[in-house]
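Asks: show me the folded form of this:
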Amino acid sequence: MIPLCANISMLYNEVDFLERYEQAAQDGFTGVECLFPYAYSAAEVNAVRRDAGVQQVLFNTGAGASADAWQAGDRGMACHPDAGADFRVSVEQALHYARSLDTKLVHVMAGLVPDDLTLAEAEQVYVENLSWAAIEATKAKVTLTLEAINPIDMPGYMLTTQEQTAQLVQRIAADNVKMQFDFFHCEKYQGKSIERFRHFSHLVAHVQIAGVPDRHEPNTGNLDYKQVLAMLRELNYAGAIGCEYRPQGDTRQGLAWRELML
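Replies: Presented below is the predicted three-dimensional model:
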């Protein structure tokens, strides 16, 4: 059975962040993922993770240079030519947490395309930054992931399609740089997510799911996740599935979708 990991930045918002590890474990999740663990020390996060008995499957590099960067609208720095030093600090911070939490996947947020750059120019900055980051990540035995995010929900983000993401992975050409395939983002913006996953499956290290188009429980919306899961099994997908959705109500009451679909 393909393991499910709870995205505790979206699930279990009924309790404080550090309590969500135990909540996820109680509900049968063997792993968790999150956007950013950096509000707490790596030691604090690892203590609650270890006590809960769950794996920290994935988290993101920082959204920006400041602690409130996400709230301020920042969505990563990797495509920003004037953020080189801050980007390197964010990667070093992420790898420190990855070592502490025994995390093998780190999603490197690309960022919004700067107003004074073309998309091609932003991509070139991204490739250069990721090439450096891949070398550093190798030392920590970490794989870096690139994720296309639909521009309906995140206007201006550099990575928007699976084809673009795959091309950049191939340009970087590092064994530890892979795709993070989010079925919600792909289906909402491009459609034909099952066909696209089949085409790019050899480049994918992590999968995320949510109902389309409203990003609620996976059994809501117009994408049949029974077909998705059947395909993942058929292709012998070896990673985990991140449950990155916004519960329609109470997190635990909404978990019945797992029994309906698995």
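Asks: what are the buried residues along the helix or strand of the chain with the lowest mean pLDDT?
Replies: One helix or strand of the chain scores below all others by mean pLDDT, DSSP states H and E: helix 257-261, with a mean of 85. Neighbour counts using 16 or more other CB atoms under 10 Å place 257, 258 of helix 257-261 among the buried residues. For glycine as for every other residue, the C-beta is placed from the backbone atoms N, C-alpha and C.
Asks: ditto for stretch 132-141
Replies: Neighbour count says stretch 132-141 has 133, 134, 137, 140 buried, by 16+ other CB under 10 Å.
Asks: show the average pLDDT along that stretch.
Replies: The average of the pLDDT scores along stretch 132-141 is 99.
Asks: neighbouring contacts of it?
Replies: 78, 88, 91-92, 95, 98-99, 104, 106, 108, 143-144, 172, 174, 176-177 (CB atoms under 8 Å, 6 or more residues apart in numbering).
Asks: please enumerate the strands of the stretch 151-262 of the chain.
Replies: Taking DSSP state E, counting those that start in this stretch as the criterion, the stretch 151-262 of the chain carries its strands at 177-182, 204-209, 241-243.
Asks: a markdown table for these, including mean pLDDT, mean neighbour count and distance to residue 114?
Replies: As requested, the strands of the stretch 151-262 of the chain are exported to a markdown table (pLDDT from 0 to 100; neighbours: other CB atoms under 10 Å; distance: least, CB to CB, whole Å):
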| stretch | mean pLDDT | mean neighbour count | distance to residue 114 |
| --- | --- | --- | --- |
| strand 177-182 | 99 | 24 | 22 |
| strand 204-209 | 99 | 23 | 27 |
| strand 241-243 | 99 | 25 | 29 |
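Asks: make a markdown table out of the ones you listed and add distance to residue 198.
Replies: Shown next, in a markdown table, are the strands of the stretch 151-262 of the chain (distance: least, CB to CB, whole Å):
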| stretch | distance to residue 198 |
| --- | --- |
| strand 177-182 | 11 |
| strand 204-209 | 10 |
| strand 241-243 | 16 |
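Asks: does residue 147 touch residue 164 like I think?
Replies: No: using CB atoms under 8 Å, residue 147 is not in contact with residue 164; the gap is 11.2 Å.
Asks: quick one: which of these two has more around it?
Replies: Taking neighbours as other CB atoms under 10 Å, residue 147 and residue 164 compare with residue 147 leading, 21 against 15.
Asks: need the contact list for that one.
Replies: Applying CB under 8 Å, 6+ apart, the residues near residue 147 are 107, 159, 165, 179, 180, 181, 182, 185, 208.
Asks: closest to residue 8 out of those residues?
Replies: Here the nearest of the contacts of residue 147 to residue 8, counting by CB to CB, is residue 208; it sits at 13.4 Å.
Asks: for that closest one, which residues make a bridge with it?
Replies: Per DSSP bridges, the residues bridged to residue 208 are residue 182, residue 242.
Asks: how near is it to residue 123?
Replies: As judged by CB to CB, to the nearest Å, residue 208 and residue 123 stand 23 Å apart.
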